[in-house]
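Asks: sequence-free structure coming up:
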């Protein structure tokens, strides 16, 4: 992500950067990163899930936290923010939801059109879906690990 500088004439792509968008984008939602969570900072490309804080729940933005299992429902994927790339507990974050297209990193070769899943242990990475919950569809082909490809989010968070 260090190659993504706001003072460049032509931006390079980075994990979590949106593509093929128009403003306002209905596929993006602002949420609150779990204010009573114990997780560490959250980075672009991380899959998040909705959380219920019980008695500590307040009316306002939906509250999300980092997914801890491949079985956790994906509410959205954290979008890259040029002002503050890494977000902390209690920060407002923007997430890509169904219909959004964003750049993520292939963890292996991926065919165009393949259904992909997030790699739980490596935020921002995707792999061809096997048993995990489907995040979306690869719009580009990755011939090897480490390549940035566009992913159309198909997960509905349900």
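Replies: The structure has been received and is ready for your questions. Predicted model, so just to flag it, every value in this text is computed and none were measured. Residues are numbered from 1 along each chain as shown.

Asks: rest of the way, CA atoms for contacts and neighbours
Replies: OK.

Asks: What helix or strand is residue 30 located in?
Replies: Using DSSP states H and E, residue 30 maps to strand 28-33.

Asks: Quick check: mean pLDDT of that strand?
Replies: Strand 28-33 comes out with an average pLDDT of 92.

Asks: count of neighbours near residue 36?
Replies: Residue 36 is flanked by 11 other residues according to other C-alpha atoms under 10 Å.

Asks: what's the distance between it and residue 61?
Replies: 14 Å (C-alpha to C-alpha, to the nearest Å).

Asks: next one: residue 49
Replies: From residue 49 to residue 61 the distance is 14 Å (C-alpha to C-alpha).

Asks: Kindly report the same for residue 118.
Replies: According to C-alpha to C-alpha, residue 118 stands 24 Å off from residue 61.

Asks: swap in residue 122?
Replies: In terms of C-alpha to C-alpha, residue 122 sits 26 Å off from residue 61.

Asks: Also residue 136?
Replies: From residue 136 across to residue 61, the span is 25 Å (C-alpha to C-alpha).

Asks: ok so, going back, and the strand holding residue 30, which strands flank it?
Replies: strand 63-66 (parallel), strand 92-96 (antiparallel) (DSSP bridges).

Asks: What is the neighbour count of residue 26?
Replies: Residue 26: 13 neighbours (other C-alpha under 10 Å).

Asks: Let me know the secondary structure of residue 117.
Replies: strand (DSSP: H, G, I helix; E, B strand; the rest coil).

Asks: Confirm for me that it is in contact with residue 133.
Replies: Yes - at 6.2 Å, residue 117 counts as touching residue 133 under the criterion of C-alpha atoms under 8 Å.

Asks: Kindly provide the distance from the residue nearest to residue 70 when sequence neighbours are not counted to residue 56.
Replies: Counting by C-alpha to C-alpha, 6 or more residues apart in numbering, residue 132 is the residue found nearest to residue 70 once chain neighbours are left out, at 5.4 Å. When distance is defined by C-alpha to C-alpha, residue 132 is 31 Å away from residue 56.
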